[in-house]
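Visitor: Turn this into a model:
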Amino acid sequence: MKYLSVVRGQDNNDIMVIEQYPVAVRNFSSEYGPPYSNLQVLKNVCGKPEEMTQFGDNQYSAVFRKYGPWHLLYPSFIAYPKYKSVRNSKITDFMECSFSVPVRATSICIQENFFPGFIINIFGTKHYNPNCNKKSHHHHNKWQLLWNRCELLMENSFSTMYGYNICIIDLNSKTLSPVDVLRIEFDFSLSEYHNQYEVIKLTGEPKRNFSEEGDEKYEINTSEDIHQKISSSENHEEHKISRTLPSTSVCQGIVTLPNEILIRILDYLDIDDLCRARRINKQFNQLAKDPSLYIAINLQPFCKGLCDDSILNISKYCSALKVLDLSWVGPNNQISTNAICSFIRTIPNVVVLRLSSCQMLASSVLETVAIYCSNLQLLDISYCNNSLQLCVSWLTTLKMLKYVDFTHTLISASELVALLKKLNELEWLFLGSPALIADQDCVINCLCAKPPGNLKGIDLWYWDKISHNTITQFLMVHGQSIVEINLGWCLGIGITDILPCIANCCPNITVLILTAHHETTDAGLTGLSNSCSKIQQLDILGSRHVTKDGLETLVKSCLRLILLDVSYCVKVSVEDVSNLKVIAPSVSIKHVETYIHKSKV
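Guide: Now for the predicted structure:
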C-alpha cells in the first residue's frame, strides 16, 4: 500500500508492527512551492516513494521557504521585527503530518536530502476527535515530546551541499499513548541553503496490542504547556495564597520594594512566569495582573500548550495590549475560532497582530478584527491554509493598516482588490503563492492606481500570470519608494530581462528576488550596478545568460551587497564563484549546480 504496511507474527494473524507514511500534511509554517503545484511543496512527503534521491536536488521533495538569517535583514522585518519572548525559541519552521492508524511509536525514519541536519524536535499526539469534549481533548491529546536534538550536537552538525541522510530515530521505549500525528520542528537559521525532505516513516505497535487503560495516563514532556499554570493561578482563591514569601532576607527585601519597582522587575518575565508569580502571595497576585505587563505578548513559543481556557484567561489582563503574536497557536484544533474572537474583543488598542499558520482562522475572526481593532497597523495571516476562503473585504475599515501578509492564504482577486482600494497607508504587502487569484494583472493594476510614495515593499512570489507590461507600469509608479521586491518564479515577467526596468525605476532597492527569471543578462546586471548601489541581497537563481563578467561588475560596484544567489546559472561555474569570493570576500555567494541521482526503493 502507498501509506501503510504491516509486519505480522508467526501465525500470520497478529499484527506486530505497522509501518506507515503520512496521508496528509495538516499544517506548516512555510512552503517553497505554490499550493497548486507538486514542485517543492510539503505534501511531497506523503506516501511511500517509488524512488529516493541519493544526492542532489529533487524538485519533488518537501522544501521550506527560508534559510539562514537573511530574511532578518529585510527592510520589512527591520521595520516590524517580531517581538521576542524571554524564552524565545530557536525553532524557525514546523510541519504536522497525519497518519492512517494510531500506534505506540517505536521509531521514526526521516530522509533528509540537500543540506540535511536541522531537525530540532519531534512531537506526537492523537488526531483531534470533533465528537469529544473540548476539555477532555486538551487533557488527553497533549503533545508528547518523542525526540529532541541537543543544542551541542546541533552546533556541530553543519551540513554539506548534496548531503544525504536517513535519520532513523529509535524512541528506545514505546510512546505512552498512541499517536497518529507527528509535528517536526526545524531550525534553519544556520542552514547554508534550502533543505529537502523526502520520506517520513512512522513505525509502532497497533492500538489493540496494548491496554486502553494506559492510553490516557501520561505527562506531557515539554515545558511549553502553560495551560495548567494559567488555570491553577486563576483557581487559587486569595485566602489560599501564601501571605509571605519564604523567610529569607533576599525575599523579604524584595517584598519591601515599591510596587512600581516590582512591576518593572516583573516586566522581564514571560507569560508563564507571570502565571507563577501570581501564585506567590496576595501582593504578587495583584502586581502580576497589571495591564502594563501585557503590552506585548508572544505566545508562539507556547503554541502547543495553549487551549481555549488559557487564551481566555490571558485576555483578562490585555486591555492595554499593543503587540500580539498568536502564530502557530491551536495545533490539532486545541483552540477554537470563538476563543480567538473573544480574545480579540478585549484588545482594542492592538497595533500588531500576527496569526500566521493558525488553523482556526476564519472570516469571522477577520470580521472581529475589523470591528474591534481600529488602530491595527500590521496584520499577518500567512499560511492559514485550512481550505477556507477568507473574506478580507471585512478589513476595509482598518484605515491605518501599513503591513499586510496574505502569503499562501485563500483569498479571491475581487476580495483583495476591494481591500487594496481602501488601504491608503499601505507600506508592505506580501501576497506570495496565491491559490485563487487568476486575474493577477487586475490586482497589480489596482496598485498602479494608488498614489506613489507609500509602498516600500511587495512580495509576489509565484505570481506566474503577471505580464511584463503590468509589472513595468507598477515599477514606474512606485519604484522610487520601493526598497524590497520579490518577483521570484513570476514566469510571465521572466520572458524578458526585467533588470533594466528595475535599475531605471528603483534607485533605493536593497532586496531583489528574481528567482527563475531565465532571461536575466549581464547588461541588466551592469545597469543595476550603476543605478542601485544600495542593494544588499540579490537572487538571480536560474539565469541562462549571466556570466562571470556581469557578476564581477556587480560585486565591485555594489559595496553593500551581502548575499548573492547564482544557483543553477548555467554559465557560472564553480571556478567563477571561487574567483568572485576572492574579489568580494564579504559577500555570501550561493551556487548550487543541477545534479540528481535516484535509486529505486
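Visitor: Report the central residue of this structure.
Guide: By CA atoms, centre = their mean, the chain has its centre lying nearest to Ser29, at 3.2 Å.
Visitor: Name all residues that make contact with that one.
Guide: Residues counted as contacts of Ser29 (CB atoms under 8 Å, 6 or more residues apart in numbering) are 64, 92-95, 328, 356-357, 383. Using the backbone N, CA and C atoms, a C-beta is placed for each residue, glycine as well.
Visitor: Show only the entries of the residues you listed found in strands.
Guide: 93-95 (DSSP state E).
Visitor: shaky segments in the stretch 451-600 of the chain?
Guide: Low-confidence segments of the stretch 451-600 of the chain (pLDDT under 70): 594-600.
Visitor: now the helices for it?
Guide: With DSSP state H, counting those that start in this stretch as the criterion, the stretch 451-600 of the chain has helices at 468-478, 499-505, 522-531, 548-557, 574-583.
Visitor: got CSV for the ones you listed, with distance to Cys167 and mean neighbour count too?
Guide: As requested, these are arranged in CSV below (distance: least, CB to CB, whole Å; neighbours: other CB atoms under 10 Å):
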stretch, distance to Cys167, mean neighbour count
helix 468-478, 42, 19
helix 499-505, 41, 21
helix 522-531, 40, 20
helix 548-557, 36, 19
helix 574-583, 28, 14
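Visitor: Mind checking these for the one nearest to Ile18?
Guide: Smallest distance to Ile18 across the helices of the stretch 451-600 of the chain (CB to CB): 45.5 Å, for helix 574-583.
Visitor: Contacts for the closest one next, please.
Guide: Under the criterion CB under 8 Å, 6+ apart, residues 547-548, 551-552, 555-556, 564, 566, 587, 589, 591, 593 lie in contact with helix 574-583.
Visitor: Tell me which two of those sit farthest apart.
Guide: Lys556 and Glu593, at 24.4 Å, using CB to CB across the contacts of helix 574-583.
Visitor: Give me the below-cutoff pLDDT ranges for the stretch 201-350 of the chain.
Guide: For the stretch 201-350 of the chain, the stretches with pLDDT under 70 are 207-253.
Visitor: can you do 50?
Guide: Scanning the stretch 201-350 of the chain for pLDDT under 50 picks out 209-224, 236-245, 247-250.
Visitor: residue boundaries of the strands in it?
Guide: 296-298, 323-325 (DSSP state E, counting those that start in this stretch).
Visitor: Can you list the buried residues in the first one?
Guide: Of the residues in strand 296-298, those scored as buried under the neighbour-count criterion (16 or more other CB atoms under 10 Å) are 297-298.
Visitor: Each with direction, which strands does it pair with?
Guide: Paired with strand 296-298 in the same sheet, following DSSP bridges, are strand 323-325 (parallel).
Visitor: Residues touching the strand it pairs with, excluding its own?
Guide: With CB under 8 Å, 6+ apart as the test, strand 323-325 has contacts from 82-83, 295-300, 318, 347, 350-354.
Visitor: Give me the buried entries from the residues you listed.
Guide: Using 16+ other CB under 10 Å, the buried ones in the contacts of strand 323-325 are 82-83, 297-300, 318, 347, 350-354.
Visitor: could you dump the residues you listed to JSON lines with distance to Asn195?
Guide: Converted to JSON lines, those look like this (distance: CB to CB, whole Å):
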{"residue": "Lys82", "distance to Asn195": "22"}
{"residue": "Tyr83", "distance to Asn195": "27"}
{"residue": "Ile297", "distance to Asn195": "31"}
{"residue": "Asn298", "distance to Asn195": "25"}
{"residue": "Leu299", "distance to Asn195": "27"}
{"residue": "Gln300", "distance to Asn195": "21"}
{"residue": "Cys318", "distance to Asn195": "37"}
{"residue": "Ile347", "distance to Asn195": "36"}
{"residue": "Val350", "distance to Asn195": "35"}
{"residue": "Val351", "distance to Asn195": "34"}
{"residue": "Val352", "distance to Asn195": "29"}
{"residue": "Leu353", "distance to Asn195": "30"}
{"residue": "Arg354", "distance to Asn195": "24"}
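Visitor: Show the contacting residues for Ser107.
Guide: If you count contacts by CB under 8 Å, 6+ apart, Ser107 has them with 168-171, 203-204.
Visitor: If you rank those residues by neighbours, which is first?
Guide: Gly204 (26 neighbours; other CB atoms under 10 Å).
Visitor: Now that residue: closest residue in space that isn't a chain neighbour?
Guide: Val103 (3.1 Å; CB to CB, 6 or more residues apart in numbering).
Visitor: List the residues that contact the one you found.
Guide: By CB under 8 Å, 6+ apart, the contact list for Val103 reads 18, 20, 178-180, 202-207.
Visitor: Name the nearest of these relative to Glu260.
Guide: Val179 (48.4 Å).
Visitor: Tell me the spacing between that closest one and Phe28.
Guide: For Val179, the distance to Phe28 equals 18 Å [CB to CB, to the nearest Å].
Visitor: ok, back up a step: from the contacts of Ser29, list the buried ones, please.
Guide: 64, 92-95, 328, 356-357, 383.
Visitor: confidence score at Gly68?
Guide: Confidence at Gly68, expressed as pLDDT, is 94.
Visitor: repeat for the one 3 residues further on
Guide: You'll see His71 listed with a pLDDT of 94.
Visitor: Kindly report the same for the one 10 residues further on.
Guide: We note a pLDDT of 90 for Pro81 in this prediction.
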